[in-house]
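**Student:** Please find the sequence and the predicted model below.
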Amino acid sequence: MPAGSLTVVGTGIRLVTQLTPEARAAIRDAEKVFYVTDGPVQRRWFEQLNSTAESLHHLYQLGRDRLSTYEEIVERALAAARGGVRVCLVMYGHPGVLVTPAHDAIRSARAEGLSATMLPGVSAEDCLFADLGVDPGARGCQTFEATDFLVQRRRFDPRSALVLYQIAAIGVRAHTATLPNLRGLRALSAALVEHYPAEHQAIVYTAAEYPGCRAIIEPSTIAGLPSAPVQATATLYVPPLDQLPADPELLVALAPE
């Protein structure tokens, strides 16, 4: 039996248009395609590109623990690859950014001796940088998943930018239609007020998912986050506090000889 393989790709955030040529070729050339995005437009597009395309979106059932769903996605993809098939697993956004089943599938496939590759894609953070005009290298940028940021009490520098993913789903373990979790937003606001003034401006950002649409950009104060309009896929951007003067001795010491 020929050895199967797994390639994991991302669609980007904006429907179809942010799919890279490399990812498109991987979907087209696969012997079996699994995808987790939903909707008639996506379904028609995938099926036209590769007739073997099969949606796994139905595995995301209301009330079901997300880890259980992730495990089934991984097993469906690996079962096909174990049978000697070239499998392409298509995730939303960048497949390596907060996409647990993508990483799990890659690790499991390699542990079983299968060839496994992940291709980069466009993430929500990439869209945020473009839409908000943020250069992450100018003052530095720290990125966290919001629940992890809170429960692990992550240390960060408020004089660099802060990006928090999945702020609507803080503390949420099961797939649910009831978002945002207001208790989570209140906890996030309280944690951030320890590091920023209550009136410090932040932006609740949701990338555009369809061509021709605009991103949703909602200004808010740190204290006002619990009452801000937060979409299910929103990301929080917190601009940095004023920068301190550079260390003059280090500037001298770092000068080229």
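**Tutor:** Ah, there it is.
**Student:** Every contact and neighbour count from this point should use C-alpha atoms.
**Tutor:** OK.
**Student:** how near is the residue nearest to Ala3 when sequence neighbours are not counted to Arg44?
**Tutor:** Nearest non-adjacent residue to Ala3, counting by C-alpha to C-alpha, 6 or more residues apart in numbering: Gly84, 4.7 Å away. Per C-alpha to C-alpha, to the nearest Å, Gly84 is found 26 Å from Arg44.
**Student:** cool, and Gln142?
**Tutor:** Distance from Gln142 to Arg44, by C-alpha to C-alpha: 38 Å.
**Student:** for stretch 26-40, which positions count as buried?
**Tutor:** 26-28, 30-37 (16 or more other C-alpha atoms under 10 Å).
**Student:** taking those residues as a set, which two sit the farthest apart in space?
**Tutor:** Glu31 and Thr37 (19.0 Å; C-alpha to C-alpha).
**Student:** downstream neighbour of the longest helix along the chain in the secondary structure list?
**Tutor:** The residue-count maximum for a helix in the chain (DSSP state H) belongs to helix 66-82. Next helix or strand after helix 66-82 toward the C-terminus (DSSP states H and E): strand 86-91.
**Student:** So what angle separates the directions of that following strand and helix 66-82?
**Tutor:** In terms of direction (axes from the mean of the first three to the mean of the last three C-alpha atoms, to 10 degrees), strand 86-91 departs from helix 66-82 by 160 degrees.
**Student:** Just list the residues touching Asp61, thanks.
**Tutor:** Just to correct that, residue 61 is Gln rather than Asp. Neighbouring residues of Gln61 by C-alpha atoms under 8 Å, 6 or more residues apart in numbering: His175.
**Student:** err, Asp38, not the other one
**Tutor:** Going by C-alpha under 8 Å, 6+ apart, the list of residues near Asp38 reads 55, 57.
**Student:** tell me the SS of it?
**Tutor:** Local secondary structure at Asp38 is given as coil here, using DSSP: H, G, I helix; E, B strand; the rest coil.
**Student:** Surely Glu31 and Thr52 touch.
**Tutor:** Yes: Glu31 lies in contact with Thr52 (C-alpha atoms under 8 Å); the separation is 7.0 Å.
**Student:** What separation do you get for Arg110 and Arg76?
**Tutor:** Taking C-alpha to C-alpha, one finds Arg110 at 16 Å from Arg76.
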